[in-house]
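Chemist: quick one, fold the following:
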Amino acid sequence: MNIEHVDICVGLAWGDEGKGKIVSELSKANEYDFVCRWSGGNNAGHTIYVNNKKYSTHLIPSGVFHGIKSIIGPGCVVNEKSFFEEIHYLQENGFDTSLIKISPKAHIVTSHHIEKDKQKYNKLLGTTARGIGPCYSHKYARKGTRVMNVKESFADFIWDEKLYGKVLCEGAQGFWLDVDYGNYPYVTSSNCLPYSACNLGFPPQKIRKIYGAVKIYDTRVGTDPDFPDDLLCNQELMTLATEGNEYGTTTNRLRNVNYLNLDKLISAIQISGTTDLIISKVDILEKTNIYRYYYQDDLHTCQKIDTMKQEIETILTSQNTLLDTIIFSSHPEKI
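Modeler: Numbers count the residues shown, from 1 in each chain. Below you'll find the model as predicted:
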């Protein structure tokens, strides 16, 4: 069988944009044969709802919650202990873990990587201390250990590296955490752009849609001069953080919050080639009556949410992008 088409879900900000929700919603229709991760490791965190029950994963793709083959690709890094904890968690909740496969080319996160991350990069760069960066360092220095080197540990989960039919790719982190496009060195260790998903084994011509995820206000976990700690001294922003329950899925750290930066969003849409944009957490602005965004370095204030949505849509559609659809989402479980 051949690959019919590929859809990709990518974060357009600093992670925590609701990608898990979008992938889960797209998977519910069950039209996909595969849901795949192409980068990162258990430094990611996706929260989804199935039958009104909340689930969180860090490494395993969201397709497993909807009976779809779920692939951890060659560009990912795998913590063996974390992987099998998630397997056990899914089995306890009645999900079919035989659907989960790992590329033999994915790299293994070791205790050495984790210790190095904790001792150096966690404090310096605000990483998740999961060993992801040191593992990628060993990969590119050609000193790493791949899944194929420890096959016996993953015997039931080795992927044959064949894709067919309809494929959905699930991104990790976000555009402005990308190692090349983010505020270096305050970035993740992998490539977050959608075209990096081709490392799963398909040509870019097979890409049909790119779903871009973003919140209607900006958030960021970890160290970044663009998100100084004093932002949370702003009472309005602290209100957004509180009402939005802005704590990292992976680290449980309070996220720094700022008003939506449309200039950043436009750049991310243009470079990523986003075709369908989903802007989440609109309900948080409605609860707080805070309607502000940055555009062309000016802070714009609206009196009601409908005005803000209309202004954002007008600005975004006036840009030279591939955008076909803009959806404003007010529901934590649905698009």
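
Chemist: what's the helix or strand for residue 315?
Modeler: helix 305-317 (DSSP states H and E).

Chemist: and the helices in the protein?
Modeler: Counting by DSSP state H, the chain has helices at residues 19-28, 80-92, 111-116, 122-125, 132-140, 235-243, 262-272, 282-288, 305-317.

Chemist: can you pull the phi/psi pair for the closest residue to residue 199 other than its chain neighbours?
Modeler: Nearest residue to residue 199, sequence neighbours excluded (Cβ to Cβ, 6 or more residues apart in numbering): residue 75, at 4.5 Å. C-betas here are computed from N, CA, C, even on glycine. When read as degrees, to the nearest 10, the backbone of residue 75 gives phi -90, psi 0.

Chemist: ok so, going back, by how many degrees do the helix holding residue 315 and helix 262-272 diverge?
Modeler: Put simply, helix 305-317 runs at 40 degrees to helix 262-272, going by axes from the mean of the first three to the mean of the last three Cα atoms, to 10 degrees.

Chemist: show me what helix 305-317 is packed against.
Modeler: Judged by 3 or more Cβ pairs under 8 Å, 6 or more residues apart in numbering; DSSP states H and E, helix 305-317 is in contact with helix 262-272, helix 282-288, strand 292-295, strand 325-328.

Chemist: right, so of the ones you listed, which gets closest to residue 201?
Modeler: helix 262-272 (20.6 Å; Cβ to Cβ).

Chemist: helices and strands around that closest one, which ones?
Modeler: Secondary elements touching helix 262-272 (3+ Cβ pairs under 8 Å, 6+ apart): strand 207-215, strand 292-295, helix 305-317.

Chemist: quick one: which of these is nearest residue 273?
Modeler: Per Cβ to Cβ, nearest to residue 273 of those: strand 207-215, 5.3 Å.

Chemist: ok, which stretches of the stretch 51-200 of the chain are strands?
Modeler: 53-57, 69-72, 77-78, 100-102, 107-108, 165-170 (DSSP state E, counting those that start in this stretch).

Chemist: same list, those strands, but as JSON lines with mean pLDDT please.
Modeler: As requested, those are arranged in JSON lines below (pLDDT from 0 to 100):
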{"stretch": "strand 53-57", "mean pLDDT": "90"}
{"stretch": "strand 69-72", "mean pLDDT": "97"}
{"stretch": "strand 77-78", "mean pLDDT": "95"}
{"stretch": "strand 100-102", "mean pLDDT": "98"}
{"stretch": "strand 107-108", "mean pLDDT": "96"}
{"stretch": "strand 165-170", "mean pLDDT": "97"}
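
Chemist: let's have those in CSV, adding mean neighbour count and distance to residue 63.
Modeler: Converted to CSV, these look like this (neighbours: other Cβ atoms under 10 Å; distance: least, Cβ to Cβ, whole Å):
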stretch, mean neighbour count, distance to residue 63
strand 53-57, 14, 11
strand 69-72, 26, 4
strand 77-78, 27, 17
strand 100-102, 22, 9
strand 107-108, 24, 22
strand 165-170, 23, 7
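
Chemist: which one of those lies nearest to residue 285?
Modeler: Taking these one by one with Cβ to Cβ, strand 53-57 is closest: 22.4 Å.

Chemist: in its sheet, what does that closest one sit against?
Modeler: Partner strands for strand 53-57, per DSSP bridges, with pairing direction: strand 46-50 (antiparallel).

Chemist: run the angle between the strand it pairs with and strand 165-170 for me.
Modeler: Using the same axes, to 10 degrees, strand 46-50 lies at 120 degrees relative to strand 165-170.

Chemist: so how far is strand 46-50 from its chain's centroid?
Modeler: 13 Å (Cα atoms, centre = their mean, to the nearest Å).

Chemist: so what's residue 330 up against?
Modeler: Residues near residue 330 by Cβ atoms under 8 Å, 6 or more residues apart in numbering: 281-283, 286.
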